[in-house]
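> After the sequence you'll find the predicted model.
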Amino acid sequence: MANDGLEKISEIPLEFIKEGNTFINRCTKPDAAEFLKIVRAVGVGFIVMGAIGYLVKLIHIPIRHLITV
């Protein structure tokens with residue numbers, strides 16, 4: 001009975017490695033068009049998050065000065 005538990009524990013890393021190898025083999029390198037699309041999406045995300053942060057800071061500064069005065 002103790003052997004069954006030990007076998008199950010030893011199968012987990014082997015199964016993980018096998019599934020990991022299958023995943024890596026299915027992955028493909030993006031072509032130039034797909035890479036450009038990803039770069040654009042990330043760039044737009046940076047710009048949007050930066051704009052939101054700037055607007056929050058822009059609103060927060062006057063409110064903070066009104067509270068502390």
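Looks like it came in fine.
> any low-confidence regions in this structure?
For the chain, the stretches flagged by pLDDT under 70 are 1-6.
> Sticking with the residue most central in space within it, tell me its helix or strand.
To find the centre residue of the chain, average its C-alpha atoms and take the closest one (CA atoms, centre = their mean): that gives Val42, at 11.7 Å. Under the criterion DSSP states H and E, the helix or strand holding Val42 is helix 32-68.
> Going by neighbour count, list what's buried in that helix.
Under the neighbour-count criterion of 16 or more other CB atoms under 10 Å, helix 32-68 has nothing buried. Every C-beta, even on glycine, is put in place using the N, C-alpha and C of the backbone.
> what about it, distance to the chain center?
In terms of CA atoms, centre = their mean, to the nearest Å, the centre of helix 32-68 is found 18 Å from the chain centre.
> on that earlier part again, against Val48, how distant is the residue nearest to the centre of the chain?
11 Å (CB to CB, to the nearest Å).
> Repeat that for Glu34.
Looking at Glu34 against Val48, where the rule is CB to CB, the gap reads 21 Å.
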